[in-house]
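Asks: quick one: sequence plus predicted model below, questions after.
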Amino acid sequence: MTSSSASVTIDTKWFQASDGTSIFTRTWIPSTEPKIVLCHLHGLGEHSGRYTPIFTQYAQHGIKSYSFDQRGFGETGRKSGTLGYNDGIKRVYADVDELLARVKSEHPELPIVLSGQSMGGGLALGYVVSKVTQSKPVDLAGIIAMSPFILLPKETAPDPFTYWGGRILAPIVPSLPIKKVLDIRSISRVESVRVDYLNDPLNHQYISVGTGNDILSNGDNLHKSGYQHLHIPLCMAHGEADIITSAPATKDFFEKAPSQTKVIKLIPDAVHELHNDLCREDVIDFYTKFMLGLAAN
């Protein structure tokens with residue numbers, strides 16, 4: 001299915017992963033020849049369709065964007081009936097491999113950037129780190145980590161009983177769902193964004209103990225040693241009032257990462273979804289300039 005506007009055509013289709021799972025994908029195609037390609041991983045509890053506003057703006061600059069509803073989320077989760085469970089982080093990385101292979105086959109001549117928001121930001125960083133530690137090639141022009149899940153802020157971190165309980169249960173019943181109540185004020189200071197989020201039928205507040213354990217373990221690894229394997233161009237952004245993921249952890253990762261080309265934007269008073277917050281235009285311009293700079297090299 002496709003829909004079009006003056007600057008972008010949105011193509012949606014189902015893709016069959018190598019294990020037979022149906023994955024729902026979206027592609028935002030600019031009206032002009034693309035200069036660079038973006039592959040994006042969405043955050044916890046949401047879906048790829050929420051990025052149409054930002055990817056439409058990217059399209060106006062010749063950036064073609066691909067994304068998919070991860071296992072357990074969006075249309076993919078609805079079809080499988082397993083909300084909040086991603087089949088394990090190795091399977092997520094395999095899905096990313098398959099998406100990138102599709103993109104490379106369609107645009108072998110264009111640079112590719114991997115991006116992710118929140119959970120997706122941590123997974124994007126973890127994906128690159130896993131490739132390097134396995135001595136596998138990283139065929140990416142750069143990476144954008146948007147409010148990435150590296151660590152939880154101290155004020156919202158789980159108590160030790162909950163933390164270790166989840167760690168123990170994860171290998172036994174990884175698909176066991178837990179409903180996590182979201183404070184809607186924590187995603188954006190814009191009231192219309194909050195209302196749209198709550199009214200979106202594809203959003204949900206479930207996470208399985210296995211997925212939660214994977215996210216925490218991946219973040220711990222990024223914080224303790226993973227940063228040393230990040231050599232490709234790096235762009236990071238975080239709101240300093242974010243209570244969902246830790247801005248200080250993002251700053252620490254950025255400072256330690258050995259990337260020769262790296263930029264960061266820390267925004268006072270901004271909350272979790274910078275691309276949907278009061279600083280929206282500023283941060284979208286920041287990401288856009290990073291990608292166009294890579295395209296020009």
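Replies: Sure, I can see it. Numbers count the residues shown, from 1 in each chain.
Asks: V96 belongs to a helix?
Replies: Yes - applying DSSP: H, G, I helix; E, B strand; the rest coil, one finds V96 inside a helix.
Asks: any idea how far I143 is from it?
Replies: 12 Å (CB to CB, to the nearest Å). Yep, even glycine has a C-beta here, placed from its N, CA and C like the rest.
Asks: overlap in contacts, those two.
Replies: Residues touching both V96 and I143 (CB atoms under 8 Å, 6 or more residues apart in numbering): L114.
Asks: and these two? Which one has more around it.
Replies: I143 (26 against 22; other CB atoms under 10 Å).
Asks: I figured that one hits P111, correct?
Replies: No - counting by CB atoms under 8 Å, I143 stays clear of P111, with 11.9 Å between them.
Asks: H40 should be in a strand, yeah?
Replies: Yes - remark: H40 belongs to a strand, assigned using three-state DSSP.
Asks: tell me the contacts of it?
Replies: Taking CB under 8 Å, 6+ apart, one finds 48, 51, 55, 65-67, 114-117, 120 in contact with H40.
Asks: over to T261?
Replies: Contacts of T261 (CB under 8 Å, 6+ apart): 142, 233-234.
Asks: of the residues you listed, which belong to helices?
Replies: The helices, defined by DSSP state H, take in nothing from those.
Asks: ok so, going back, which one of the contacts of H40 sits closest to S22?
Replies: S48 (14.4 Å; CB to CB).
Asks: ok, of the contacts of T261, which come out buried?
Replies: 142, 233-234 (16 or more other CB atoms under 10 Å).
Asks: so, low pLDDT: which residues of this structure?
Replies: Applying pLDDT under 70 to the chain picks out residues 1-4.
Asks: quick one: the helices in this protein?
Replies: So, for the chain - with DSSP H - the helices run 52-59, 74-80, 89-106, 119-133, 160-169, 191-199, 209-224, 247-256, 280-296.
Asks: check contacts around the closest residue to L169 other than its chain neighbours.
Replies: Distance criterion CB to CB, 6 or more residues apart in numbering; nearest residue to L169, sequence neighbours excluded, is V209 at 4.7 Å. By CB under 8 Å, 6+ apart, the contact set of V209 is 166, 169-170, 173-174, 176, 178.
Asks: so L99 sits against Y66, correct?
Replies: Yes - at 6.4 Å, L99 counts as touching Y66 under the criterion of CB under 8 Å.
Asks: need the residues touching each of the two.
Replies: 25, 39.
Asks: ok so, going back, out of the contacts of H40, which is most surrounded?
Replies: Q117 leads these on contacts (other CB under 10 Å) with 30 neighbours.
Asks: distance of that one from D139?
Replies: 22 Å.
Asks: same deal with R167?
Replies: Following CB to CB, the distance that separates R167 from D139 is 34 Å.
Asks: then L83?
Replies: For L83 relative to D139 (CB to CB), the value is 33 Å.
Asks: quick one: which of the two has more around it?
Replies: Using other CB under 10 Å, the more surrounded residue of L83 and D139 is L83, with 19 against 12.
Asks: E75 is in contact with that one, correct?
Replies: No - contact criterion CB under 8 Å: L83 and E75 do not qualify, at 11.8 Å.
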